[in-house]
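Peer 1: Sequence and predicted structure below; questions after.
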Amino acid sequence: MEKINILLPGIVVATVTGFAALFLSEHYGAPAMLFALLLGIALSFLYEDTKCKAGIEFTACHILRIGVALLGLRIAFGDLAALGWKTALVLIVAIVSTIAVGIALAKAFGLSKRFGVLSGGAVGICGASAAMAISAVLPDSPEKERDTILTVVGVTALSTIAMVLYPIIAGLLELDQTSTSIFLGGTIHDVAQVVGAGYSVSEQTGDLATLTKLVRVAYLMPVVLCILLVIKLNLKKLNGPGVIDAKSPGVPGFLIGFVVLMTINSLVDLPELISSSANELSRFALVVSITAIGMKSNLRRLLTVGIKPIILLIIETLWIAGLILLSLPYLA
């Protein structure tokens, strides 16, 4: 009971702010994640309040993981089969190469490899959701929250721009319905913006674009597991043979939860009420957690990072868009 009393003020503050972000999103048409982040940053003084700090920390960590785990109910193994092995393979190449480009550019720009992995994963997989899932397994550092916020802001803004521009580009290139769907679903960062772009073209394009995007989302867990493996191997190398590191990360529960829920969704025909409720709960949990991450941020530190991270995100976005466009003739 005492622990609940300690956590409750921070959780309530983040939850109310999350509701405000969703309200603003519905009335002004901008992404809820962006509103949540901005409102969180505006209320960052609450993190300095000892009454709210513990609850905000809990929300930024544990509520985030619940939201990511629930994403598993949006995907089924049959989605991969429905899309075809060629398209699935192209998406794997696009994701892996985007992360590799992110790491290389981060090194060239004098940024941390951590930011390259975080931004590359967000651009390659599913935007803000991927950024938060990857951030959850990265080692703690003073720059972790700052890098996560920069990535979320960047991919959300670029995804919104792409939602408007990419259907126009597809029309100018005279892409057919299937190619347009794969282009939109394979390149736009966030699921909501893929839906908006796809259905602005046609209902059939929206359906296939959304399916393509969900297959990208399905790759989130394998990518996060690979990142965990690399972290463990690096820790082992630093510690030397025979040295046990108590801080070596295990497989987080939210990854197991994601896989379990994805398996259930693949094997059982769940009622629409359960699927839609889980999707809404996942979305709300992610919005509330990004609000808490915003509250933990230091705006002064955000303003000192310069233009390089934004340029990196733009290049990654152009990379995956160009790669998918060049692959389209081979997918016909």
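Peer 2: Happy to help now that I have it.
Peer 1: Tell me where the stretch 201-332 of the chain has helices.
Peer 2: All helices of the stretch 201-332 of the chain, identified by DSSP state H, counting those that start in this stretch, fall at 203-218, 220-239, 253-267, 272-295, 299-302, 308-331.
Peer 1: Need the contact partners of the first one.
Peer 2: This points to helix 203-218. Outside helix 203-218, the residues within contact range by C-beta atoms under 8 Å, 6 or more residues apart in numbering are 71, 74-75, 79-80, 82-83, 87-88, 91, 95, 124-126, 129, 177-178, 180-182, 184-186, 188, 191, 194-195, 197-200, 262. In short, each C-beta sits where N, CA and C put it, glycine included.
Peer 1: Make a PyMOL selection of the buried ones in these.
Peer 2: In PyMOL, the members of those classed as buried (16 or more other C-beta atoms under 10 Å) are selected with the following command:
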select buried, resi 71+74+75+79+80+83+87+88+91+95+124+125+126+129+178+180+181+182+184+185+186+188+191+194+195+197+198+199+262
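Peer 1: okay but Leu73 is in contact with Ser277, surely?
Peer 2: No: the pair Leu73 / Ser277 is not scored as a contact, 9.4 Å apart, by C-beta atoms under 8 Å.
Peer 1: Return the distance of Asn192 relative to Ile256.
Peer 2: You called it Asn, but residue 192 is Ala. Taking C-beta to C-beta, to the nearest Å as the measure, Ala192 falls 26 Å from Ile256.
Peer 1: With neighbour numbers in mind, choose between the two.
Peer 2: Ranked by neighbour count (other C-beta atoms under 10 Å), Ala192 and Ile256 place Ala192 first, with 21 against 13.
Peer 1: and Glu272, how many neighbours does it have?
Peer 2: For Glu272, the tally of surrounding residues (other C-beta under 10 Å) stands at 7.
Peer 1: Please flag which of the contacts of helix 203-218 sit within helices.
Peer 2: Under the assignment DSSP state H, these contribute 79-80, 82-83, 87-88, 91, 95, 129, 177-178, 180-182, 184-186, 191, 194-195, 197-200, 262 to helices.
Peer 1: And Asn5, what's its pLDDT?
Peer 2: Per-residue confidence for Asn5 comes out at a pLDDT of 82.
Peer 1: and the helices of the stretch 201-332 of the chain as JSON lines, adding mean pLDDT and distance to Glu26?
Peer 2: Formatted as JSON lines, the entries for the helices of the stretch 201-332 of the chain read as follows, by pLDDT from 0 to 100; distance: least, C-beta to C-beta, whole Å:
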{"stretch": "helix 203-218", "mean pLDDT": "86", "distance to Glu26": "20"}
{"stretch": "helix 220-239", "mean pLDDT": "78", "distance to Glu26": "26"}
{"stretch": "helix 253-267", "mean pLDDT": "84", "distance to Glu26": "26"}
{"stretch": "helix 272-295", "mean pLDDT": "87", "distance to Glu26": "12"}
{"stretch": "helix 299-302", "mean pLDDT": "61", "distance to Glu26": "26"}
{"stretch": "helix 308-331", "mean pLDDT": "93", "distance to Glu26": "26"}
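Peer 1: who wins for proximity to Phe23 among these?
Peer 2: Shortest distance between Phe23 and the helices of the stretch 201-332 of the chain, using C-beta to C-beta, is found for helix 272-295: 11.0 Å.
Peer 1: what angle do the closest one and helix 191-201 make?
Peer 2: Taking axes from the mean of the first three to the mean of the last three C-alpha atoms, to 10 degrees, one finds helix 272-295 and helix 191-201 inclined to each other by 120 degrees.
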